[in-house]
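Engineer: give me coordinates for this.
(2 chains)
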Amino acid sequence: GRGEGLRSVRCVTAALCARYNGEIGDIVVGRITEVQQKRWKVETNSRLDSVLLLSSINLPGGELRRKSAEDELAMRDYLQEGDLISAEVQSIFSDGAVSLHTRSLKYGKLAQGVLVQVSPSLVKRQKTHFHDLPCGASVILGNNGFIWIYPTPEQKDDEAGGYTANLEPVPLSDREVISRLRNCIMALVTHKMMLFDTSILYCYEASLPHQIKDILKPEVTEEIVLEARQRLLDSEG
Amino acid sequence: MASVVLSEAEKLYIVHGVQEDLRVDGRGCEDYRCAEVETDVVSNTSGSARVKLGETDILVGIKAEMGTPKLEKPDEGYLEFFVDCSSNSPELEGRGGEELGTDIANTLYRVFSCENCVDLKSLCINPKEHCWVLYVDVLLLECGGNIFDAISIAVKAALFNTRIPKVRVLEDEEGTKEIELSDDPYDCIRLSVDEVPCIVTLSKIGYRHVVDATLQEEACSLASLLISVTSKGAITSMKKVGKGSLDPESIFEMMETGQRVGKSLHVALQKILDEEESLGTSRPKVGFLG
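Structural biologist: Residues are numbered from 1 along each chain as shown, chains lettered A, B, ... in the order given. Reported below is the predicted structural model:
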């Protein structure tokens, strides 16, 4: 009978307000904090600032060549302080700092949308972190806990390699979806639910009877999250 | 003040959203975030309150101490404000928050400088000699935008919660006065908070103005107007903050909005305070772990 006690030992994997520990291949969303010699400093909620080297970006227009001194001078034209980017972790330095790359058309500068910062441990690791949700908006679930919600782009061609931001006003219908998604993600986070496409979508659908601004009222939040959690359990079988 | 850096596209998104009366979190231009108010959170104060407005987190403690009245107002007590910005923002670390703290304290002095917003006469014990001094200590625990409104709500809630022990002045035959404190700890005076103003901050974003701006929205706003409004809708003071300028016409619009929003804010706050009061001492305290 003594062995019973051992079975109840639980393993706690990650603290909830942790910093992000980079792993190669992770998709992250980050904010440029500094432009330096041949590199950008990027804030990704890790212990040390991440770096994005000039050599690990795609040039506008998708030109493939060695980066010259002119490119170095034009670095601030590509990305400047405050800009948001999506990127992939290329390597990790010995001190734990993360080196990023954006050498794919999926990655690059982010334009109009909303950033939500959550604990990195709440983002579920999945095959893809870019989701075009059927409700009419897209999300990037960064492994570092930065979540980017943006209107689904109409055509997916490489407009100048992702450096020109679309500054047209976003229509009201798209805004409503984005705001609702944002509040749903906040609701899931306050109840410590894992974030992935299905959980967000279920929460979104559960929130539809309520007004967008009401989602963050504690009693409504609880009701929505309970409903989403029940549907998740049902679908898992 | 704690600030955030945003990219141009993000700012544009926020500004367009405000123009269409749909903000990032789904609120309209005149909606407040959900606020949590709890009074009597610090046991060794005369009155205290904690207010959470979105991410903004404010703790106010009021301590009543005996002092001498000011010369120009011998039959009144007075209020002293002190603001401590121990916010976990790196900019406010160490002495960095001092400037902001004094700035907020000065604003509070101005807001409370109007006649009859607090019944200062009731704080007098013995004209020219003794009065109660209320030390209002504001602690900024977390800064998530719109700190002025949150602080004024917290100060009002704490004043509502303040209990000052009753004292009597005894005079013997030789004319020496003695102050006697009541033995019963529940024998105390309460302050009337009906006239205490609340601050409503209106931030100009694009062509419109919003109340209760988040940090991100504050980053998009060039100028904002602080209006202190009483529960009857009277404006007691006004202050412009930010480096931008405001059109006189829009100031009037903002004042109207401020009055309207301020009135409903007072009603909601008073309702919550009365509700909490009616629960009595058996109320389960949430405190800082909830």
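
Engineer: show me what from chain B comes close to chain A.
Structural biologist: Counting by Cβ under 8 Å from any Cβ of the partner chain, the residues of chain B close to chain A are B:5-10, B:12-13, B:16-17, B:20, B:22-28, B:31, B:33-34. C-beta here means a position set from N, CA and C on the backbone, and glycine is covered the same way.

Engineer: in the chain, which spans are helices?
Structural biologist: No chain was given, so I picked chain A. All helices of chain A, identified by DSSP state H, fall at A:4-7, A:69-73, A:75-78, A:172-190, A:197-207, A:218-236.

Engineer: nope, chain B
Structural biologist: B:8-19, B:98-111, B:147-161, B:215-220, B:248-279.

Engineer: got a list of what the residue in the stretch 151-290 of chain B that chain A sits nearest to touches?
Structural biologist: In the stretch 151-290 of chain B, the residue that lies nearest chain A is B:Q216 (8.6 Å; Cβ to the nearest Cβ). Neighbouring residues of B:Q216 by Cβ atoms under 8 Å, 6 or more residues apart in numbering or on different chains: B:V4, B:L6, B:E10, B:I14, B:V24, B:G145.

Engineer: the third one against A:G113, yeah?
Structural biologist: Yes. Checked against Cβ atoms under 8 Å, the pair B:E10 and A:G113 is within contact range at 7.4 Å.

Engineer: and those two? Which one has more around it.
Structural biologist: B:E10 (26 against 22; other Cβ atoms under 10 Å in any protein chain shown).

Engineer: report pLDDT for the more buried one.
Structural biologist: What the model reports as pLDDT for B:E10 is 91.

Engineer: alpha carbons of stretch B:42-54, as CSV, please.
Structural biologist: Written as CSV, here are the backbone C-alpha positions of stretch B:42-54 (Å, rounded to 0.1, in the frame of the first residue of the first chain):
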residue,chain,number,x,y,z
VAL,B,42,-4.7,47.7,4.9
SER,B,43,-5.5,47.2,8.5
ASN,B,44,-3.2,49.9,10.1
THR,B,45,-4.7,52.8,8.2
SER,B,46,-7.8,54.9,9.0
GLY,B,47,-9.1,54.1,5.5
SER,B,48,-7.7,52.3,2.5
ALA,B,49,-8.8,51.2,-0.9
ARG,B,50,-7.3,49.3,-3.8
VAL,B,51,-8.5,49.9,-7.4
LYS,B,52,-7.7,47.8,-10.4
LEU,B,53,-8.7,49.4,-13.7
GLY,B,54,-7.6,47.1,-16.4
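
Engineer: show me the contact partners of that stretch.
Structural biologist: Under Cβ under 8 Å, 6+ apart, the answer for stretch B:42-54 is B:32-41, B:57-64, B:134, B:144-146, B:149-151, B:153-155, B:157-164, B:212, B:214, B:288.

Engineer: buried subset of these?
Structural biologist: Among the contacts of stretch B:42-54, the ones that count as buried by 16 or more other Cβ atoms under 10 Å in any protein chain shown are B:32-33, B:35, B:37-41, B:57-64, B:134, B:144-146, B:149-151, B:153-155, B:157-164, B:212, B:214.

Engineer: can you pull the residues of chain A lying near chain B?
Structural biologist: Residues of chain A lying close to chain B by Cβ under 8 Å from any Cβ are A:31, A:33, A:81-84, A:110-115, A:165, A:167, A:169-170, A:172, A:175-176, A:179-180, A:182-183, A:186, A:211-213, A:215-218.

Engineer: please pick the buried ones from those.
Structural biologist: Buried among the residues of chain A next to chain B by 16+ other Cβ under 10 Å: A:31, A:33, A:82-84, A:110-115, A:165, A:170, A:175-176, A:179-180, A:182-183, A:186, A:212-213, A:215-216.

Engineer: residue ranges in the chain under the pLDDT threshold?
Structural biologist: This is for chain A. A:1-17, A:155-165 (pLDDT under 70).

Engineer: that's the wrong chain, I wanted chain B
Structural biologist: B:1-3, B:87-92, B:94, B:289-290.

Engineer: any idea which residue is closest to the centre of it?
Structural biologist: In chain B, the residue lying closest to the centroid (Cα atoms, centre = their mean) is B:S152, at 1.4 Å.

Engineer: now do it against B:A158, distance only.
Structural biologist: 11 Å (Cβ to Cβ, to the nearest Å).

Engineer: over to A:R39?
Structural biologist: In terms of Cβ to Cβ, A:R39 sits 50 Å off from B:A158.

Engineer: next, count neighbours for the closest residue to chain A within chain B.
Structural biologist: Nearest residue of chain B to chain A (Cβ to the nearest Cβ) works out as B:G26 at 3.0 Å. B:G26: 22 surrounding residues under other Cβ under 10 Å.

Engineer: can you put the helices of chain B in CSV and add distance to A:L201?
Structural biologist: CSV is the format used below for these (distance: least, Cβ to Cβ, whole Å):
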stretch, distance to A:L201
helix B:8-19, 23
helix B:98-111, 42
helix B:147-161, 34
helix B:215-220, 25
helix B:248-279, 34
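
Engineer: among the ones you listed, which is the most enclosed?
Structural biologist: helix B:147-161 (a mean of 27; mean count of other Cβ atoms under 10 Å in any protein chain shown).

Engineer: what angle sits between that helix and helix B:98-111?
Structural biologist: Helix B:147-161 runs at 60 degrees relative to helix B:98-111, counting by axes from the mean of the first three to the mean of the last three Cα atoms, to 10 degrees.

Engineer: could you say what helices and strands helix B:147-161 packs with?
Structural biologist: On a contact count with 3 or more Cβ pairs under 8 Å, 6 or more residues apart in numbering or on different chains; DSSP states H and E, helix B:147-161 meets strand B:35-39, strand B:47-53, strand B:56-67, helix B:98-111, strand B:130-142, strand B:198-205, helix B:248-279.

Engineer: what segments of chain A are strands?
Structural biologist: Shown for chain A, the strands assigned by DSSP state E span residues A:27-36, A:39-43, A:50-57, A:84-92, A:98-102, A:108-109, A:114-117, A:130-132, A:137-141, A:146-151.

Engineer: check these for me and report the most buried one.
Structural biologist: Highest mean neighbour count among these (mean count of other Cβ under 10 Å): strand A:137-141, a mean of 24.

Engineer: go ahead and confirm A:K217 touches B:C34.
Structural biologist: Yes. Between A:K217 and B:C34 there is a contact under Cβ under 8 Å: 5.7 Å.

Engineer: pull the CA atoms of stretch B:105-122 into PDB?
Structural biologist: C-alpha atoms of stretch B:105-122 as PDB (Å, rounded to 0.1, in the frame of the first residue of the first chain):
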ATOM      1  CA  ALA B 105       0.400  64.800  -6.000                       C
ATOM      2  CA  ASN B 106       0.200  68.400  -7.300                       C
ATOM      3  CA  THR B 107      -2.800  67.500  -9.500                       C
ATOM      4  CA  LEU B 108      -4.500  65.900  -6.500                       C
ATOM      5  CA  TYR B 109      -3.900  69.100  -4.400                       C
ATOM      6  CA  ARG B 110      -5.500  71.100  -7.200                       C
ATOM      7  CA  VAL B 111      -8.500  68.800  -7.500                       C
ATOM      8  CA  PHE B 112      -9.100  68.800  -3.800                       C
ATOM      9  CA  SER B 113      -8.500  72.600  -3.400                       C
ATOM     10  CA  CYS B 114     -12.000  73.500  -4.200                       C
ATOM     11  CA  GLU B 115     -14.300  74.500  -1.400                       C
ATOM     12  CA  ASN B 116     -16.600  72.000   0.200                       C
ATOM     13  CA  CYS B 117     -15.400  68.900  -1.800                       C
ATOM     14  CA  VAL B 118     -14.400  67.500   1.500                       C
ATOM     15  CA  ASP B 119     -16.000  68.800   4.700                       C
ATOM     16  CA  LEU B 120     -12.800  70.100   6.300                       C
ATOM     17  CA  LYS B 121     -14.600  71.800   9.100                       C
ATOM     18  CA  SER B 122     -15.500  68.400  10.500                       C
END
